[in-house]
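Q: okay, here's the prediction I keep looking at, along with the sequence it came from:
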Amino acid sequence: MKRSLFRLIVLLLLSSCREKTIDPTKRVRPVTLQIVISGAEYKLSWQEMHIVCITAPCPDIADVEAEEYEVQIATGELGAFHTYKTLDANQKSINIPVAQGGEQLVARIVSKNKSAPPVNSNSVMVTNGFLSQSAYYPGFGLSGDVMGGDVTSDGTKTTYSLVIEEGPGQYKIPLYIAEMQYERPVSTKLVTRQGAGATFSPDGKQLAYPSVTENGLMIYDIASEHTRILPVVDIALIQGVDWSPDGKWLAFSTVSNEESRLWKIATSGGQPIPLTPVLPIRESNYIRQTDIDWSPDGRFIAVSRARNNNDNAQWRAVVSLYSPDGSGEVNYFETQPGWIDTNPSFSPDGKQLAFLSTRTDPSAGTYSLWVRDLTTGKVRQINLLPGLIPSSDYVPHWLGNERLLFMGIQQGRKGYFTVFLL
């Protein structure tokens, strides 16, 4: 009797051990998470990830299905996560009450199976704040083919380009300056028949823009209408250009299929000076093809940079701050894996940094508008009216310290809008 009981206990223990054995090579099917704010609730829903193939055989991204889902939440953009609730695998949504206005929620779903390591979904961050009223900005004219655009600090001038198709695959991109009254152009002047990406000098008296036809950065004096060239070898690779606060330097980034780099060049002339070593694209730690911004105090140049910590699962794009003296990266604002933070823009007083981010819907790759307090490091989302989605084709511009100009997509059409920060 005692032997039989002993054998039974041993068998139960062995069975229990087998149930808890995890095969590290097995993959649980992950999910993609979305969050919608509706009234006083966060509505979380997720879908299983599958590969769609045109031809067979079709590889799968999972070996086993999830047996349960663990809903994890946090209040800060970097965690720490804690378990809110564990649900059966047949349940793929949950509502979480909003505690207070202005509250932020970061969430992810962990797919779990006893036989395999758990797998995290994409992390999503949303803010339950007041909707900010947006207004159409007419300062770049009424054409639907406007590119870029900059505004002087006093709001009296704008610059922009138009995209004009002259034939199949042939385009003309004229660059204009407009005189403004009450944020509307009252007169325009053609700067060049082929130019884009122009930015005003800090005093509003000059324009800088890259020119492939002239193989250099062009500096245009508005009063005299005189243009001079700063030769740059890799002019076709330039992605962003910005002036130093004293107007003595231009910073720019170059990005190719193989490498990226940050540079500066004296506006008085001379050779470009590298501010970073060559950053290979293959290492996934490179400066991205977006705009850059020089801080008002002259201490930093902000860029969007990819990082992965030698692990592709950790890939994300962060806002990095580089020193203009060439000493390298000073700081960066960490994000969750899979998020893309891009198009940084300092406020005129240097206390805030606006940027676009996919953190509200990383699976779809759509952007939302965010502002970081550079004193506290905290971020807040600028909640726009439903149907208005910021576009990463344009870096947010500050109009004073409490108002932002951005490009948005509304009903499938691009336009320029302003929003006051609440």
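A: Okay, I see it.

Q: what residues are up against Gln352?
A: Residues in contact with Gln352 (CB atoms under 8 Å, 6 or more residues apart in numbering) are 346, 371-374, 401. Using the backbone N, CA and C atoms, a C-beta is placed for each residue, glycine as well.

Q: so what pLDDT did it get?
A: Note for Gln352: predicted pLDDT of 98.

Q: centre of the chain to the biggest strand by length in the chain, how far?
A: Secondary structure assigned by DSSP state E gives strand 103-113 as the longest strand of the chain. Distance of strand 103-113 from its chain centroid, counting by CA atoms, centre = their mean, to the nearest Å, is 21 Å.

Q: and if you look at stretch 334-349?
A: Here stretch 334-349 is found 6 Å from its chain centre; the criterion is CA atoms, centre = their mean.

Q: still on that earlier bit, tell me what angle the helix or strand just after the longest strand of the chain forms with strand 103-113.
A: Using DSSP states H and E, the helix or strand that follows strand 103-113 in sequence is strand 116-120. Orientation of strand 116-120 against strand 103-113 (axes from the mean of the first three to the mean of the last three CA atoms, to 10 degrees) gives an angle of 160 degrees.

Q: what lines up beside strand 116-120 in the sheet?
A: Using DSSP bridges, strand 116-120 pairs in its sheet with strand 103-113 (antiparallel).

Q: buried sites along the strand it pairs with?
A: Within strand 103-113, the residues scored as buried using 16 or more other CB atoms under 10 Å are 104-113.

Q: relative to Glu65, how far out is the closest residue to His226 other than its chain neighbours?
A: Leaving aside its chain neighbours, His226 sits nearest to Tyr220 (7.6 Å; criterion: CB to CB, 6 or more residues apart in numbering). Tyr220 is 62 Å from Glu65, where distance means CB to CB, to the nearest Å.

Q: and the two? Which one has more around it.
A: Using other CB atoms under 10 Å as the criterion, Tyr220 and Glu65 rank with Tyr220 on top: 22 against 12.

Q: follow-up on the earlier one: quick one: mean pLDDT for the strand or helix carrying the residue nearest to His226?
A: Counting by DSSP H and E, the element that carries Tyr220 is strand 216-221. Strand 216-221 carries an average pLDDT of 97.

Q: so what are the sheet partners of that strand and their directions?
A: By DSSP bridges, strand 216-221 pairs with strand 206-211 (antiparallel), strand 227-231 (antiparallel).

Q: mind listing what's buried along that strand?
A: By neighbour count on 16+ other CB under 10 Å, the buried set for strand 216-221 is 216-220.

Q: pLDDT score for the residue lying closest to Gly387 once chain neighbours are set aside?
A: Nearest residue to Gly387 in three dimensions, chain neighbours excluded: Gln410, at 5.8 Å (CB to CB, 6+ apart). Looking at Gln410, its pLDDT reads 90.

Q: shaky segments in the stretch 101-250 of the chain?
A: Residues of the stretch 101-250 of the chain meeting the criterion pLDDT under 70: 101, 143.

Q: how long is stretch 79-92 end to end?
A: Start to finish, the residues bounding stretch 79-92 are 22 Å apart (CA to CA, to the nearest Å).

Q: cool, stretch 46-60 as well?
A: OK, stretch 46-60 end separation, CA to CA: 19 Å.

Q: one more: stretch 196-215?
A: In stretch 196-215, first residue to last residue: 14 Å (CA to CA).

Q: also stretch 126-142?
A: Chord length of stretch 126-142, first to last residue, is 33 Å (CA to CA).

Q: and the contacts of it?
A: With CB under 8 Å, 6+ apart as the test, stretch 126-142 has contacts from 35, 37, 42, 98, 100-105, 146, 149, 151, 158, 160, 162, 178, 180, 183-185, 188, 360, 380-385, 388, 405, 408, 415-422.

Q: any idea how far it is from the chain center?
A: Its chain's C-alpha centre and that of stretch 126-142 lie 18 Å apart, by CA atoms, centre = their mean.

Q: in it, what's buried?
A: Across stretch 126-142, burial judged by 16+ other CB under 10 Å covers 126-129, 132, 134, 137, 139-141.

Q: kindly reformat those as a markdown table containing secondary structure and distance to Pro396.
A: Output for these, formatted as a markdown table (DSSP: H, G, I helix; E, B strand; the rest coil; distance: CB to CB, whole Å):
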| residue | secondary structure | distance to Pro396 |
| --- | --- | --- |
| Val126 | strand | 19 |
| Thr127 | strand | 17 |
| Asn128 | strand | 22 |
| Gly129 | coil | 17 |
| Ser132 | coil | 13 |
| Ser134 | strand | 12 |
| Tyr137 | coil | 12 |
| Gly139 | coil | 14 |
| Phe140 | coil | 14 |
| Gly141 | coil | 20 |
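
Q: would you check which pair of the residues you listed lies furthest apart?
A: Comparing all pairs in these by CB to CB, the longest separation belongs to Asn128 and Gly141, at 36.8 Å.

Q: for Arg307, grab the count of nearby residues.
A: Close neighbours of Arg307, defined as other CB under 10 Å, add up to 19.

Q: mind jotting down where the strands sit in the stretch 301-422 of the chain?
A: Using DSSP state E, counting those that start in this stretch, the strands of the stretch 301-422 of the chain run over 301-307, 316-322, 329-333, 341-346, 352-357, 368-373, 379-381, 388-390, 397-398, 403-410, 413-420.
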